[in-house]
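Q: My questions concern the predicted model and sequence given below.
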Amino acid sequence: MLKYILKNLFKRKRKYILSMLVISSVVLLFIVMNSLSIAYKKASELPFKNIQNSIVIQKSGNVPEETKGAVLPCSMTAIKSDYLKIIASISGVKNISSGLFLWVFDKDYFKRVMGVDWESSLGKKIISGIIAGSSPKSIHEVLVEQTFSSRNNFAVGDKIDIAGNNYSITGIVQMTGKNIVESDYYADLRKIQETAYNSIDVQKTEKFEPDDVNIIFVDADLMQINNAAESLNKILAASDKHGFTPTGKALGTFTITTPKSFESQISSFFFLSDKLMLLILITIIAGAILIIISSLNHNVIERTKEFGIMRAVGYTNINIQKIIISETFILLITGYLTGIIASLAVIYFLSKMNVTITIPWELNPFPHFLLSSPSQADTIQSYLLPIKFQLQYAITGFFISLAMGILTIAFTLRTINKFKVMEVLRHE
Amino acid sequence: MNDLVIAENVSKKLGAVQILKNVSFTIKSRELLAVQGHSGSGKSTLLGLLAGLEEADSGKIQINGTVITQLSEKDLSLFRRNDIGIVFQFFNLIPVLNVVENIGLPLYPVKIKHNEIFKRAKDAADKVGLSHRLHHYPNSLSGGEQQRVAIARALINNPKVIFADEPTGNLDSDNGKKIIELLKILNRDNGLTIAMVTHDNAIASEADRIIKLKDGEIQSE
C-alpha cells in the first residue's frame, strides 16, 4: 500500500503542496513568533548583563553647586541604608548589592568612581572582569577600567589620587561597553562612603550619612521581577523633596529600572501580551486546520472512485482508512520538517539582526559639559538579537501538527465511510 | 460440472424501484455465462450482488460453498480479494499506478513481498499479452489495453470466478472481439468460470449459456 500512498502523493503533489505548506507555515510561525518574543524580552535584559542584576534603584537629587571635588550626580543622590533592609524583604528579591557612584572633579582630570563591597555579587562580578593584576586587598587599592586605563596609560602598581586620597591600582578590569553605571575606578565602598561624607561639595548639595549609598542593584527572581518592581514602586513612591532635576525627574523620587523599562525602546509586535499572542496563534492554527481539512477532504472526494476500485478488488474499509491516515501523516511530517528547517533558517538570519537600546543619561551619568555633543548624553547600545531555536516550541509545534492531522483524519474518514462502492464505480 | 455459483430468490430494491425479483439461477464451474437484458433490467445490479459489492434485500448467494449473503463487510472484502475477480466496463484503473502496479493492486494489503507481487503481476500481464507495457501508465494505453490490464488485475489472485460488467461496452468492435477472445481463452485453457453482463447479442452468443433478464426477473435461460 505504501507504493500507492507514495505514488499518489508524488504524482499529485500539486494537490497536496498547499496542505504541506500550511502545516509548515504554522510550525514556522509558531516557533519564530515565540522565539522572537523570548528574544526581545532577553534583549531588554541585556543592559543588565554585565551587572548580573535585574533591577537598578536610584534616587534623583539636586545638581551639584560646583564642579569641584567629589560630588553626587543629580540622578544618583543619597539613599539611606534603611532602604536596603526594606528592599531585601520584598517578595521575589533574591539578593541586593549597593554602590556609591561619585563624580570627582580633581585638578588633574575628571574621574568617575564607584564604591563597591567586594564581597557583594556586584563586587564579585567586577572582580571576575579583571584582565590584568589582582583584586584589591585593602581600602587603599582600586581597580581601573580598561578603556580609561589605556587612555591615561595606567598600569598595575601605579599610584593615583582620588579626591585627595591616595590609591594603588591593583588590577585592570574590563567592564565597559554595554553597561549601566559605567565607572572609571572601582574602589572599596566604605572608603568611598568616607570620601563622600567628608566632602564639603557633597554635603553642600545633599545631607550624606557615612553609610549612605546612591545606587542599589537588585537580583530578582526572573518570574517575579515585574511584581517585585511594582512592590518597590509602591514602597519607594513618596518623594521628600520639591522641584525637578535638569532631566525632568521630580526631586527625591526613586527611579526603578527593570528590563521592562527598555521594552518600550525595542518597540515590537513581539511584545504583545502572552494572551494576545496565544489568541493570534490559535486563530492562525484554526484557519490552518480549516484549510487543511477542506483541501484534503476535497482530495479524498476526488478519489472516491479509486477507493471504490480498491474496495472492489478486496480492500477492506480499514485498508482504505490506513491509506488516508498514512497519507495525512506523511504530509504532516513533511510539513513539520519543512517548517523546522524554515524556522532554523529564519532564526539564523534573525540572529544576525541588531537591536538598539538607549541607556538613559540617568543610568550612566556623565557631566554633559565634558561631552563633545549633548546627544552623547544617552548611551546607545547595539546588541545582536539574542534569538535561539527553542526546542520546546519545536516539540509543541509537533503536537500542534499532530492535532491538526488527527482532526483532518477524523473529517476525511467520515467522508470516506459514507460512499457506496457500486455507486462510484457505475459511472465514468 | 459442479454448481460454482448458486443464487436463490435474490431480490433487490433501489429506493422505491424493485430491481430484482426473486431471481434464482446457478453457474457451473468452468462455464462462460452471459447475462443479457435491456437497460434497467437489473443485470448490473445482479452482477454487483454476485460480486458482493451490493447487499441483497432477500435471498441467498453461494459461491464455491461460501454463502456470501451472510458475510460481514470485512469478510466480503476478503472474499473478493481471494476468490473472485471483477472486470468493469470503464476499466477502473488507478491513474497514478503503472500497468504492473495496477495489476498487483489487490495484493498490496496482503503480506506478500514486493518481488513476489511483481512476479505474479508480470505473469498475469503475460497471460493478457501486456508484458511489453508493464511500466506504462493507464493514460498512455488504448482502451483495449486498459481492459486487458483490468482482466490481468482480476486474474492475479487466481480466482474461481470472474464477474465482468459490460467488458466490451467501452471498446470498439475490434477491441471488443479481442477482449471476448481473451476471456474465452481464459475460460477454455485456464478453466476459469466467467459471468459477464452484456447487451450485445454478438458478444453474448460467444457464451456457453445466456440468462436474459427483464424487469428484474429471469425471462429465459
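A: Okay, I see it.

Q: rest of the way, CA atoms for contacts and neighbours
A: OK.

Q: Give me the neighbour count for B:Asn170.
A: 16 (other C-alpha atoms under 10 Å in any protein chain shown).

Q: Which residues of chain B lie near chain A?
A: B:48, B:53-54, B:73-74, B:76-82, B:85-86, B:90, B:92-94, B:96-97, B:105-106, B:108-109, B:154 (C-alpha under 8 Å from any C-alpha of the partner chain).

Q: Kindly recompute the last result at 6 Å.
A: B:74, B:77-78, B:80-81, B:106, B:108 (C-alpha under 6 Å from any C-alpha of the partner chain).

Q: all helices for the stretch 51-200 of chain A, in order.
A: Using DSSP state H, counting those that start in this stretch, the helices of the stretch 51-200 of chain A run over residues A:82-88, A:121-128, A:146-151, A:189-198, A:200-205.

Q: same for the last one, what does it pack against?
A: Helix A:200-205 is packed against no helix or strand, with contacts defined by 3 or more C-alpha pairs under 6 Å, 6 or more residues apart in numbering or on different chains; DSSP states H and E.

Q: For the residue nearest the centre of chain B, identify the helix or strand it belongs to.
A: Nearest residue to the geometric centre of chain B (C-alpha atoms, centre = their mean): B:Phe163, 2.2 Å. In the assignment (DSSP states H and E), B:Phe163 maps to strand B:161-165.

Q: and the residues of chain B next to chain A, which are buried?
A: Buried by 16 or more other C-alpha atoms under 10 Å in any protein chain shown: B:77-78, B:80-81, B:106, B:108, out of the residues of chain B next to chain A.

Q: Might you list the low-confidence residue ranges for the stretch 1-150 of chain A?
A: The stretch 1-150 of chain A contains residues with pLDDT under 70 at A:49-53.

Q: Return the residues of it in contact with chain B.
A: A:Met1.

Q: all strands of chain B, in order?
A: Taking DSSP state E as the criterion, chain B carries its strands at B:3-14, B:17-28, B:32-37, B:58-63, B:66-67, B:84-87, B:161-165, B:193-197, B:209-214, B:217-220.

Q: Endpoint to endpoint, stretch A:144-155 covers what distance?
A: Taking C-alpha to C-alpha, to the nearest Å, stretch A:144-155 runs 9 Å from one end to the other.

Q: So what touches that stretch?
A: A:172-174, A:184-185 (C-alpha atoms under 6 Å, 6 or more residues apart in numbering or on different chains).

Q: For the residue of the stretch 301-428 of chain A at minimum distance from chain B, what are phi and psi?
A: Ranked by C-alpha to the nearest C-alpha, the top residue of the stretch 301-428 of chain A for proximity to chain B is A:Gly314, at 3.9 Å. When read as degrees, to the nearest 10, the backbone of A:Gly314 gives phi 110, psi 10.

Q: count of residues packed around it?
A: With other C-alpha under 10 Å as criterion, A:Gly314 counts 27.

Q: likewise A:Ile139?
A: Here the number of neighbours of A:Ile139 (other C-alpha under 10 Å) works out to 14.

Q: wait, doesn't B:Val100 sit right on B:Leu134?
A: Yes. Counting by C-alpha atoms under 6 Å, B:Val100 touches B:Leu134, with 5.0 Å between them.

Q: Mind naming the longest helix for chain B?
A: If you go by DSSP state H, chain B has its longest helix at helix B:173-189.

Q: May I have the beta-bridge partners of A:Gly133?
A: Note on A:Gly133: beta-bridge partners by DSSP bridges are A:Gly171.

Q: typo on my end, B:Ile194
A: Beta-bridge partners, per DSSP bridges, of B:Ile194: B:Leu32, B:Ile162.

Q: Spell out which residues of the stretch 251-400 of chain A are next to chain B.
A: A:313-316.

Q: Now distance to B:Ala7, pLDDT and secondary structure too, for the residues you listed, in CSV please.
A: Formatted as CSV, those follow (distance: C-alpha to C-alpha, whole Å; pLDDT from 0 to 100; DSSP: H, G, I helix; E, B strand; the rest coil):
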residue, distance to B:Ala7, pLDDT, secondary structure
A:Val313, 21, 91, coil
A:Gly314, 21, 91, coil
A:Tyr315, 24, 91, coil
A:Thr316, 24, 91, coil
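
Q: Of the residues you listed, grab the buried ones for ChimeraX.
A: Here is the ChimeraX selection string for the buried members of these, based on 16+ other C-alpha under 10 Å:
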select /A:313,314,315,316
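
Q: of all the residues of the stretch 251-400 of chain A next to chain B, which comes closest to A:Asn62?
A: Closest approach between these and A:Asn62, by C-alpha to C-alpha: A:Thr316, at 88.0 Å.

Q: show me the contacts for that closest one.
A: Contacts of A:Thr316 by C-alpha under 6 Å, 6+ apart are B:74, B:77.

Q: And it, how close does it get to A:Glu145?
A: 79 Å.

Q: same deal with A:Thr283?
A: Here the criterion is C-alpha to C-alpha. By it, A:Thr283 lies 52 Å from A:Glu145.

Q: What residues of stretch A:83-99 count as buried?
A: For stretch A:83-99, burial by neighbour count (16+ other C-alpha under 10 Å) applies to A:84, A:87-88, A:90-93, A:95-99.

Q: Would you point out the most distant pair within those?
A: Pairwise over these, using C-alpha to C-alpha, the maximum falls at A:Ser91 and A:Gly99, 21.9 Å.

Q: mind listing what the closest residue to B:Asp215 other than its chain neighbours touches?
A: If the residues on either side of it in the chain are set aside, B:Asp215 comes closest to B:Ser41, at 4.8 Å by C-alpha to C-alpha, 6 or more residues apart in numbering or on different chains. B:Ser41 makes contact with B:213-216, according to C-alpha under 6 Å, 6+ apart.

Q: gap between B:Ser41 and chain A?
A: 15 Å (C-alpha to the nearest C-alpha, to the nearest Å).

Q: For that residue, grab phi and psi.
A: With angles defined as degrees, to the nearest 10, B:Ser41 sits at phi -80, psi -10.

Q: A:Asp221 now?
A: Main-chain dihedrals, A:Asp221, degrees, to the nearest 10: phi -60, psi 130.

Q: does it really touch A:Gly92, like I thought?
A: Yes. Between A:Asp221 and A:Gly92 a contact is recorded at 5.2 Å, counting by C-alpha under 6 Å.

Q: and A:Val26, how many neighbours does it have?
A: As a burial measure, A:Val26 scores 23 neighbours (other C-alpha under 10 Å).

Q: Assign a three-state SS to the closest residue to it other than its chain neighbours, would you?
A: Using C-alpha to C-alpha, 6+ apart and skipping residues adjacent in sequence, the residue nearest A:Val26 is A:Ile285, 6.5 Å away. Classification of A:Ile285 by DSSP: H, G, I helix; E, B strand; the rest coil places it in helix.

Q: so where is the stretch 151-300 of chain A shaky, pLDDT-wise?
A: Low-confidence segments of the stretch 151-300 of chain A (pLDDT under 70): A:176-180, A:237-251, A:264-274.

Q: Could I get the full set of strands for it?
A: A:159-162, A:165-173, A:185-188, A:215-220, A:254-257 (DSSP state E, counting those that start in this stretch).

Q: what's the most buried one of those strands?
A: The highest average neighbour count among those, using mean count of other C-alpha atoms under 10 Å in any protein chain shown, belongs to strand A:185-188 at a mean of 26.

Q: helices or strands up against that one?
A: strand A:110-116, strand A:141-145.

Q: Out of these, which gets nearest to A:Pro259?
A: strand A:110-116 (22.5 Å).
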